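J.: Predicted model, plus sequence, below.
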Amino acid sequence: MSQNNNERIEPVKFLTYLFLLLLGVLLIMGIKTLTFNSPSVSLTPAIDNSDIDVDAVAKRLSQGIQFATISHMDERQVERDAFTKFHHFLKTNYPKLHANLSLEMVSELSLLYRWQGSDPSLKPILLMSHQDVVPVDAETRDRWVHEPFSGTIDDGIIWGRGAVDIKSGVLGSMEAIEDLLAKGYQPKRDIYLAYGHDEEIGGDNGAAKISALLKARGLDFQFILDEGGSIVGDGIIPGMQTPVALVGIAEKGYVSLELKATAVGGHSSMPPKHTALGVIAQAIVDIEAHPFPANMAYSRQLFNTIGPAMGGVEKAIFANMWLTEPLVEHILSGSKTTNAAVRTTTAVTMAKGSSKDNVLPSEASAVVNFRIMPGESGESVKAYIENVIDNSDIEVSILGGFAGEPSSVSKSDNESFAMLKDAIYRVTQDESLIVAPYLVTGGTDAKHYTGLSDSIYRFAFNRFTPETLERMHGINEQIKVDDYVDVVKFFRELILGANL
Ligand SMILES: [Zn+2]
């Protein structure tokens, strides 16, 4: 064959190969999409199907909301009396629980209960919630339909601060235990209840102290359950038409770095090319231009679980993450909500130069806040930033000398996760619902419990729509009475299921 012939044939061959390759890719994508299915759910009836006294249960939550157990950064503003009265209310309203469980006060206001099980060879479980709530902004008060601490029950809805975050968790778990005790139930495992009093301001005096106590006792829990995820309905996850119970398996860490540059000060009439503040400004530009690399591990796990229930294009995309992951990463990075789920985030929050307009700063500084992905650390964030800035004239230090490290990562394919999942299904009786692991981008008290169990989950049985989600920490926080009854049932099923 002559060379000439070859030249004519090669492009044709190339196009043929390209066509075959494309066909092959499409075929694989098609097969992957068609076989991308959720494992079938076989619903089992609730272990305890007995009635719950709806009116009494709702009324007690309404009363619980009326104690203004508000957390303030300034401790002097905290009304300790509200907490003490709330404790008294719990003792009066859950007498069987208080007669059968031991109670320890931690840091005076946090509560740690223990319900002793019959089989000491089994690992205990720990159910967490917190007693405190966030304040109500004075300027928004008149936009509340019912007074935020009135606990008004109106048309099947319980209103007030703490309705979902999270007096419903404290009282809901107590209702379940009081109900089980009334039936003479005795668990096999020890069941611990931990209700901190300062979660909304970091949990350093509550959860952190309780955790230290449990660690000192050498405890290792089968699982620990705190708030974090919830059941999200239509419209919260784009492309999902069915409800998803999001269970947090890890939570991000927190660190702020301070950048400092020094220079010769003086009058600003004959300035150098870059002042100390200019040097810091350049560093800020560099930092913003170099976001941390994406870590798709958690999104991959989430989309693997919920992808099969999505519609056409989305389903095809998530069924073929082997090919589409760069595209998915690009899309997730483009929105601030989803970006926070794929990487350590960077937020430049403070800056300082000289104190007068015509004075050169002898020192300039900036503070950058980072939310750290699991697997990274305060020190690794610092090293990354030093590398990005690449300027030995800038001193980088961890603000306050302390980083809140990211949590450990819990498994979602083990016995503990199955216990949680089963309890969710036994209450919802909804086979379209999907229970999916995810990364919590905010903070919960659970971060203090790292090391006390290899199964630490963040999930509260709340049902959210985009509208009700906004009300948490916002205006007109509320919970439907029916949903609250399910909170009680959920705790009952969880305890029973973990003690079979
Ligand atoms: Zn909360």
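T.: Looks like it arrived, so ask away. Nothing here was measured: the structure is a model prediction, and the numbers come from that model. Residues are numbered from 1 along each chain as shown.

J.: What residue spans form the domains of this protein?
T.: Domain ranges of the chain: 54-251+407-497, 253-401, per automatic domain parsing.

J.: Out of those, the one nearest residue 32 is which?
T.: domain 253-401 (4.5 Å; C-beta to C-beta). The C-beta positions use only the backbone N, C-alpha and C, and glycine is treated the same way.

J.: Flag every residue of this structure that's near the ion.
T.: For the chain, the residues in contact with the ion (C-beta under 5 Å from the ion) are 165-166, 227.

J.: Redo these as TSV? Include secondary structure.
T.: Shown next, in TSV, are the residues of the chain next to the ion (DSSP: H, G, I helix; E, B strand; the rest coil):
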residue	secondary structure
165	coil
166	coil
227	strand
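
J.: give me every residue that touches the residue lying closest to residue 391 once chain neighbours are set aside.
T.: Excluding the flanking residues, the one nearest residue 391 by C-beta to C-beta, 6 or more residues apart in numbering is residue 283, at 6.5 Å. Residue 283 is in contact with 259, 261, 366, 389, 391, 394, counting by C-beta atoms under 8 Å, 6 or more residues apart in numbering.

J.: so residue 283 sits in a strand?
T.: No. The assignment for residue 283, made by three-state DSSP, is helix rather than a strand.

J.: Can you tell me how far it is from residue 386?
T.: 10 Å (C-beta to C-beta, to the nearest Å).

J.: likewise residue 95?
T.: Taken as C-beta to C-beta, the span from residue 95 to residue 386 is 59 Å.

J.: same question for stretch 439-453, mean pLDDT?
T.: Stretch 439-453 comes out with an average pLDDT of 93.

J.: Need the distance between the two termini of it.
T.: 17 Å (C-alpha to C-alpha, to the nearest Å).

J.: Next SSE downstream of the helix or strand hosting residue 195?
T.: Using DSSP states H and E, residue 195 sits within strand 191-196. Following strand 191-196 in sequence order, the next helix or strand is helix 207-216 (DSSP H and E).

J.: Alpha carbons only: can I get that next one in CSV?
T.: Taking C-alpha atoms only, helix 207-216 is exported to CSV below (Å, rounded to 0.1, in the frame of the first residue of the first chain):
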residue,chain,number,x,y,z
ALA,A,207,-21.3,18.5,75.6
ALA,A,208,-17.5,18.9,76.0
LYS,A,209,-17.6,18.3,79.7
ILE,A,210,-20.1,15.4,79.4
SER,A,211,-17.9,13.8,76.8
ALA,A,212,-14.8,14.2,79.0
LEU,A,213,-16.7,12.5,81.8
LEU,A,214,-17.8,9.6,79.6
LYS,A,215,-14.3,9.2,78.3
ALA,A,216,-12.8,9.1,81.8
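
J.: quick one: it to chain centroid distance?
T.: Taking C-alpha atoms, centre = their mean, to the nearest Å, the mean C-alpha location of helix 207-216 is offset from the chain mean by 21 Å.

J.: hmm, back to that, who has more neighbours out of residue 95 and residue 386?
T.: residue 386 (16 against 12; other C-beta atoms under 10 Å).

J.: Please report the distance of the more buried one from residue 395.
T.: Residue 386 is 10 Å from residue 395, where distance means C-beta to C-beta.

J.: try residue 349
T.: 18 Å.

J.: now swap in residue 114 and tell me
T.: 48 Å.

J.: between these two, who's got more neighbours?
T.: Using other C-beta under 10 Å as the criterion, residue 114 and residue 395 rank with residue 114 on top: 16 against 13.

J.: and the helix ranked longest in the chain, how far out from the chain's middle?
T.: Identified as the longest helix of the chain according to DSSP state H is helix 3-34. With C-alpha atoms, centre = their mean as the basis, helix 3-34 stands 46 Å off its chain's centre.

J.: Who are the packing partners of that helix?
T.: Counting contacts by 3 or more C-beta pairs under 8 Å, 6 or more residues apart in numbering; DSSP states H and E, helix 3-34 packs against helix 312-319, helix 321-333.

J.: Please identify the most buried of the ones you listed.
T.: Most buried of the helices and strands packed on helix 3-34, by mean neighbour count (mean count of other C-beta atoms under 10 Å): helix 312-319, with a mean of 18.

J.: Can you give me the buried ones in stretch 490-500?
T.: 490-499 (16 or more other C-beta atoms under 10 Å).

J.: For the residue nearest in space to the middle of the chain, name its beta-bridge partners.
T.: Closest to where the C-alpha atoms of the chain average out (C-alpha atoms, centre = their mean) is residue 440, at 3.0 Å. For residue 440, the beta-bridge partners under DSSP bridges are residue 251.

J.: for residue 111, same thing?
T.: Beta-bridge partners of residue 111, as defined by DSSP bridges: residue 105, residue 195.

J.: what number of residues lie near it?
T.: Residue 111 has 23 neighbours, counted by other C-beta under 10 Å.

J.: Residue 473 now?
T.: Residues lying near residue 473 (other C-beta under 10 Å) number 15.

J.: Quick one: the strands in the stretch 51-200 of the chain, in order.
T.: Secondary structure of the stretch 51-200 of the chain (DSSP state E, counting those that start in this stretch): strands located at 102-106, 110-115, 125-130, 153-154, 157-159, 191-196.

J.: Residue 115 versus residue 192, what's the distance?
T.: Residue 192 sits 8 Å away from residue 115, going by C-beta to C-beta.

J.: Output the helix or strand hosting residue 396 as PDB, nothing but the C-alphas.
T.: Residue 396 belongs to strand 394-398 when assigned by DSSP H and E. Output of strand 394-398 as PDB, limited to C-alpha atoms (Å, rounded to 0.1, in the frame of the first residue of the first chain):
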ATOM      1  CA  ILE A 394       3.800  37.600  56.400                       C
ATOM      2  CA  GLU A 395       3.400  35.700  59.700                       C
ATOM      3  CA  VAL A 396       0.600  33.200  59.700                       C
ATOM      4  CA  SER A 397      -0.800  31.900  63.000                       C
ATOM      5  CA  ILE A 398      -3.800  30.100  64.300                       C
END
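
J.: That strand: which residues count as buried?
T.: The neighbour-count check on strand 394-398 (16+ other C-beta under 10 Å) flags 394, 396 as buried.

J.: Relative to the whole chain's centre, how far out is the strand holding residue 195?
T.: Distance of strand 191-196 from its chain centroid, counting by C-alpha atoms, centre = their mean, is 19 Å.

J.: Give the residue spans of the stretch 351-500 of the chain that score low on pLDDT.
T.: Along the stretch 351-500 of the chain, segments meeting pLDDT under 70 are nowhere present.

J.: And the residue of it that's closest to the ion?
T.: Of all residues in the stretch 351-500 of the chain, residue 444 sits closest to the ion, at 6.8 Å by C-beta to the ion.

J.: How many residues are close by that residue?
T.: Count around residue 444 with other C-beta under 10 Å applied: 24.

J.: tell me the contacts of it?
T.: The contact partners of residue 444, taken as C-beta under 8 Å, 6+ apart, are 199, 226-228, 248, 251, 458.

J.: And the pLDDT at residue 147?
T.: At residue 147, pLDDT is 95.

J.: Phi first, then psi, for it.
T.: phi -50, psi 130 (degrees, to the nearest 10).

J.: contacting residues around it?
T.: With C-beta under 8 Å, 6+ apart, residue 147 has these contacts: residue 160.

J.: and the nearest residue to residue 211 once chain neighbours are set aside, which of the three is it?
T.: Spatial nearest neighbour of residue 211, excluding adjacent residues (C-beta to C-beta, 6+ apart): residue 448 at 4.5 Å. Recorded secondary structure, residue 448: helix (three-state DSSP).
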